[in-house]
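**Student:** no letters, just coordinates:
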């Protein structure tokens, strides 16, 4: 990774564009709310997997044979399926939340996965020696997050555009944050050796397929819109934008930035998704302005998340430096 002082200007531009791309997804999903949420989530992943397919094929052609062999093992595909399941659950819960609460509240709670990780570490540290106990500052950040989230809930019942803030909708969004942690954890395991598109393509495709039977079982819209109804000209442009802007530019752009910029900078930038997403929704889709308590609590919540992210990355960096120092001492 290049030193941050030597980072090319285009990388900073890509980081801004990628964060804006990721942030646009909520407003785009709400714009096509006539489609049931689980089906909407499946369509988004279907089209994204089609976009990723040629990139995965191109990457496969230059992948070393030992990586190809490892890719086809049962262990790898078990993890890929687990990641796809977590991704499907994340998108299903989050897109459903967009129908049940305001855009800003949905974005605030779905981006709270650093809080989920800290709580998970607190629970698991006493059972698994491999899980570290959270740093004191991470715990402080988590407490600040809880305070901010509680303050935002004071706007329960308030309207923002065509949506009304509800505790149920906020809970669905937070459930989406819980599920995305599984996707992140599995991704960290596989991405130590698996190229990005060889990971992203099957996981996205698996996620899109898993959502379809659940949509059929719990939603009535699949009979009206079809399993691949995004091909309809009325909806195609919106789901293409979700695939290209939120998916390819957003997520792939962030992964590209990680080659040049520290994870701390990228992770901190992503915490501004609720602000940027709300602004995009207000400017282009008339989603309305958040209530007073959402402004106050939202910024407190985001401050807590930034504190957690900052401390987590610093702890990881110190651990890596200590390991390198120990390895150098034994040489």
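**Tutor:** Perfect, I can see it now. No experiment lies behind these values; they were computed from the predicted model shown.
**Student:** what's the pLDDT at the residue lying closest to residue 314 once chain neighbours are set aside?
**Tutor:** Excluding the flanking residues, the one nearest residue 314 by C-beta to C-beta, 6 or more residues apart in numbering is residue 264, at 7.4 Å. C-beta here means a position set from N, CA and C on the backbone, and glycine is covered the same way. Here, the pLDDT recorded for residue 264 equals 76.
**Student:** contacts for the one helix or strand residue 264 maps to next, please.
**Tutor:** Assessed by DSSP states H and E, residue 264 sits inside helix 263-270. Residues from elsewhere that reach helix 263-270, judged by C-beta atoms under 8 Å, 6 or more residues apart in numbering: 4, 15, 19, 22, 111, 114, 254, 257-258, 306, 309-310, 313-314, 316-317.
**Student:** with stretch 206-226 instead?
**Tutor:** 35-39, 41-46, 48-49, 80-81, 83-85, 87-88, 91-92, 227, 232.
**Student:** which is the next helix or strand following the helix holding residue 264?
**Tutor:** Next along from helix 263-270, by DSSP H and E: helix 273-285.
**Student:** buried sites along that following helix?
**Tutor:** Neighbour counts over helix 273-285 (16 or more other C-beta atoms under 10 Å) mark 273-282, 285 as buried.
**Student:** which of these lies closest to residue 65?
**Tutor:** residue 273 (39.2 Å; C-beta to C-beta).
**Student:** that closest one and residue 108 touch, don't they?
**Tutor:** No - contact criterion C-beta atoms under 8 Å: residue 273 and residue 108 do not qualify, at 9.0 Å.
**Student:** related to what we said a few turns ago, buried subset of the contacts of stretch 206-226, written for PyMOL?
**Tutor:** Buried residues within the contacts of stretch 206-226, by 16+ other C-beta under 10 Å, are selected in PyMOL with:
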select buried, resi 35+36+37+38+39+41+42+43+44+45+46+48+49+80+81+83+84+85+87+88+91+92+227
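**Student:** and the contacts of stretch 206-226, which of them are in helices?
**Tutor:** 37-39, 41-46, 48-49, 80-81, 83-85, 87-88, 91-92 (DSSP state H).
**Student:** the spatially most central residue of the chain: which element?
**Tutor:** Residue closest to the mean C-alpha point of the chain, counted by C-alpha atoms, centre = their mean, is residue 180 at 6.3 Å. According to DSSP H and E, residue 180 maps onto helix 167-190.
**Student:** give the buried residues for the helix or strand that comes right after that helix.
**Tutor:** The C-terminal neighbour of helix 167-190 among helices and strands, as given by DSSP H and E, is helix 196-218. By neighbour count with 16+ other C-beta under 10 Å, helix 196-218 contains the buried residues 196-212, 214-215.
**Student:** now helix 196-218 and helix 167-190, what's the angle there?
**Tutor:** Per axes from the mean of the first three to the mean of the last three C-alpha atoms, to 10 degrees, the angle that helix 196-218 makes with helix 167-190 is 150 degrees.
**Student:** thinking again about what came up before, tell me the contacts of the residue lying closest to the residue nearest to the centre of the chain once chain neighbours are set aside?
**Tutor:** For residue 180, ignoring the flanking residues on the chain, the nearest one in space by C-beta to C-beta, 6+ apart is residue 90 at 4.3 Å. By C-beta under 8 Å, 6+ apart, the contact set of residue 90 is 176-177, 179-180, 183.
**Student:** between the residues you listed, which has the most around it?
**Tutor:** residue 176 (26 neighbours; other C-beta atoms under 10 Å).
**Student:** my read: it touches residue 88, true?
**Tutor:** No - at 11.0 Å, residue 176 does not count as touching residue 88 under the criterion of C-beta under 8 Å.
**Student:** against residue 188, how distant is residue 39?
**Tutor:** Distance of residue 39 to residue 188, computed by C-beta to C-beta, to the nearest Å: 30 Å.
**Student:** er, residue 67 I mean
**Tutor:** Here the criterion is C-beta to C-beta. By it, residue 67 lies 17 Å from residue 188.
**Student:** now do residue 90
**Tutor:** In terms of C-beta to C-beta, residue 90 sits 16 Å off from residue 188.
**Student:** thinking again about what came up before, looking at the contacts of helix 263-270, which is nearest residue 292?
**Tutor:** residue 111 (20.8 Å).
**Student:** wait, what's in contact with the closest residue to that closest one other than its chain neighbours?
**Tutor:** Leaving aside its sequence neighbours, residue 111 sits nearest to residue 273 (C-beta to C-beta, 6+ apart; 5.2 Å). Shown in contact with residue 273 (C-beta under 8 Å, 6+ apart): 19, 22-23, 107, 111.
**Student:** and residue 195, by the same measure?
**Tutor:** So residue 195 contacts 59, 63, 67 (C-beta under 8 Å, 6+ apart).
**Student:** which strand or helix spans the first one?
**Tutor:** In this structure, residue 59 sits in helix 37-61 according to DSSP H and E.
**Student:** mind giving me the packing neighbours of that helix?
**Tutor:** helix 25-31, helix 74-98, helix 196-218, helix 221-225, helix 233-241 (3 or more C-beta pairs under 8 Å, 6 or more residues apart in numbering; DSSP states H and E).
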